[in-house]
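**Student:** mind folding the following:
(chains A and B)
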Amino acid sequence: MGEEKVLEVSDSNFATEVLESNIPVLVDFWAAWCGPCRAIAPVVAELAEEYKDKIKVFKCNVDENPRTPAEYGIRAIPTLILFKDGKVAHQITGAVSKNQIVEVIDKFV
Amino acid sequence: MNDDRIRDLVIIGGGPAGLAAGIYAARARLDTLLIEKLGQGGQILLTDWIENYPGFPDGVSGFELADLFGKQATKFGLEILNGEVLGLKLEGKTKIIDLGNQSIRCKSIIIATGASPSRLGVEGEDSFTGKGVSFCATCDGPFYREKVVAVVGGGNSAVEEALFLTKFASKVYIIHRRDELRATKILQERAFNNPKIEIIWDTVVVKIEGDNAGVNNLKIKNVKTEEISDLSVDGVFIFVGTIPNTGYVPEEIERNSRGFLITNENMETSVPGIFAAGDVRAKLLRQIVTAVGDGATAAFAAELYIQNEYHS
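**Tutor:** Numbering: from 1, shown residues only, chains lettered A, B, ... in the order given. Alright, predicted model coming up:
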């Protein structure tokens, strides 16, 4: 349901798509083997739709893109990071509710 | 949006108990809505491999079982809404569910929101969560290839997760506060026979330490000798029981001393028309197989309640 609407970002285009973005970017670090990542995916897809034009939303597969998660010290997934002006504005670990993510996004948009 | 429609039944939570209740309620042709805040499956999504659910002699993955439960429920017409319940209240016999942007009215409710992992409550636990402190081995295990990890706890979850972590880690300590494990015997046998696992008995974690890169040390205390020592680890996985997810449940619904909802054998809580099923309920054994039984009973009891209260 809607999951495919969230675009993937990779090690190679992370800088241009995320760090150089002029609007905040939410990145969902995930992997196919992670159950809670699957649980949170429909929520992330809804947020991508609801905050269209205000923030960009990407998924980053940690198996296919080892460099970026290592750079941000990610040792647990799902991890959601909200980037603003190329820096980590906020980091959320685990499958939290939509309301908890909305609270964070609303602080930065 | 405030709908005037009064539904027969609202099931809160889409894990095994809620989905089983949904299957029974949909087949009974009750006007039913299931509300789930994340994707369906609940805690089974945290489980790598399920070996004790009847009907799967070779075991089944948590993902697959969650999918099968969901498919079976929607096949009979169960309606599922993605949303988070913020509160429940009563208006006479009618129950009102607050979803923030809308409220839903119904004749009966099954609370099936399960439980979440308990925290240890020690220094370093919050600050290193996601940086070496984990509550989900299937999520985070692969980040610990050839690393040293500790598992805290001695129940089924702790031992299962320790065994799972041996696929990745070079060494897995199990730190347990007693001198024997509570886990089921077959899991104990596997742990004792696994060369990567070392059990540290009679011991608790008193502090989790690390630096910018994450956890690197545990201060542990032997509860018999009171002796405190250091254990060098790259990560610590905590499985010391669960706490019920009942933040939205009103005070008048009775709970036990640990906060689990008290029901009778028909899953009725202290408020007529409100039922509880699965891990959220005060019960002896929290397993998928007992959750689905609770769900079926709760759906049938809800059907009887509606007949008696509304149709007689």
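
**Student:** excluding covalently adjacent residues, which one is nearest to B:P54?
**Tutor:** B:V289 (6.8 Å; Cβ to Cβ, 6 or more residues apart in numbering or on different chains). Just so you know, the C-beta spots here come from the backbone N, C-alpha and C atoms, and that holds for glycine as well.

**Student:** what do you get for B:I23?
**Tutor:** Using Cβ to Cβ, 6+ apart, the nearest residue to B:I23 is B:A73, at 5.0 Å.

**Student:** how about residues contacting the helix or strand harbouring the one you found?
**Tutor:** Element membership of B:A73, judged by DSSP states H and E, is helix B:62-75. Helix B:62-75 has contacts (Cβ atoms under 8 Å, 6 or more residues apart in numbering or on different chains) with A:35, A:38, B:14, B:16, B:19-20, B:22-23, B:26, B:34, B:40-42, B:44-50, B:53, B:56, B:60, B:80, B:138, B:288.

**Student:** now stretch B:217-228
**Tutor:** B:150, B:175, B:177, B:200, B:202-210, B:229-233, B:236.

**Student:** biggest helix in chain A by residues?
**Tutor:** helix A:35-50 (DSSP state H).

**Student:** quick one: buried residues of that one?
**Tutor:** A:35-48 (16 or more other Cβ atoms under 10 Å in any protein chain shown).

**Student:** which is the next helix or strand following it?
**Tutor:** That would be, after helix A:35-50 and using DSSP H and E, strand A:56-61.

**Student:** re earlier: tell me, how many residues neighbour the residue nearest to B:P54?
**Tutor:** Using other Cβ atoms under 10 Å in any protein chain shown, B:V289 has 12 neighbouring residues.

**Student:** chain A contacts on the stretch 101-250 of chain B?
**Tutor:** Residues of the stretch 101-250 of chain B found near chain A (Cβ under 8 Å from any Cβ of the partner chain) are B:129-132, B:134-136, B:138-140, B:142-144, B:212-214, B:235.

**Student:** the residue in the stretch 51-200 of chain B positioned nearest to chain A: what's it in contact with?
**Tutor:** Per Cβ to the nearest Cβ, B:G130 is where the stretch 51-200 of chain B lies closest to chain A, at 3.3 Å. Listed by Cβ under 8 Å, 6+ apart, the contact set of B:G130 reads A:I74, A:R75, A:A76, A:T79, A:Q91, A:T93, A:G94.

**Student:** got the residue ranges for the helices in chain A?
**Tutor:** Under DSSP H, chain A gives helices at A:14, A:35-50, A:67-71, A:98-108.

**Student:** centroid-nearest residue for chain A?
**Tutor:** For chain A, A:V27 is the residue whose C-alpha lies nearest the centre (Cα atoms, centre = their mean; 1.7 Å).

**Student:** which residues touch it?
**Tutor:** A:V27 sits in contact with A:V9, A:V18, A:V57, A:F58, A:K59, A:C60, A:L80, A:I81, A:F83, where contact means Cβ under 8 Å, 6+ apart.

**Student:** can you add distance to chain B, pLDDT and neighbour count and give those back as TSV?
**Tutor:** Shown next, in TSV, are these (distance: Cβ to the nearest Cβ, whole Å; pLDDT from 0 to 100; neighbours: other Cβ atoms under 10 Å in any protein chain shown):
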residue	distance to chain B	pLDDT	neighbour count
A:V9	19	97	24
A:V18	19	96	20
A:V57	17	97	25
A:F58	19	97	22
A:K59	14	97	20
A:C60	14	97	24
A:L80	11	96	26
A:I81	11	97	21
A:F83	16	97	25
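
**Student:** tell me the residues of chain A that contact chain B?
**Tutor:** Counting by Cβ under 8 Å from any Cβ, chain A sits next to chain B at A:31, A:33-43, A:46, A:73-79, A:91, A:93-95, A:97-99.

**Student:** return the set of buried residues in stretch B:122-140.
**Tutor:** Counting neighbours by 16+ other Cβ under 10 Å, stretch B:122-140 gives B:122, B:124-125, B:128-140 as buried.

**Student:** B:V233 touches B:V148, doesn't it?
**Tutor:** Yes - if you go by Cβ atoms under 8 Å, B:V233 and B:V148 touch, sitting 5.1 Å apart.
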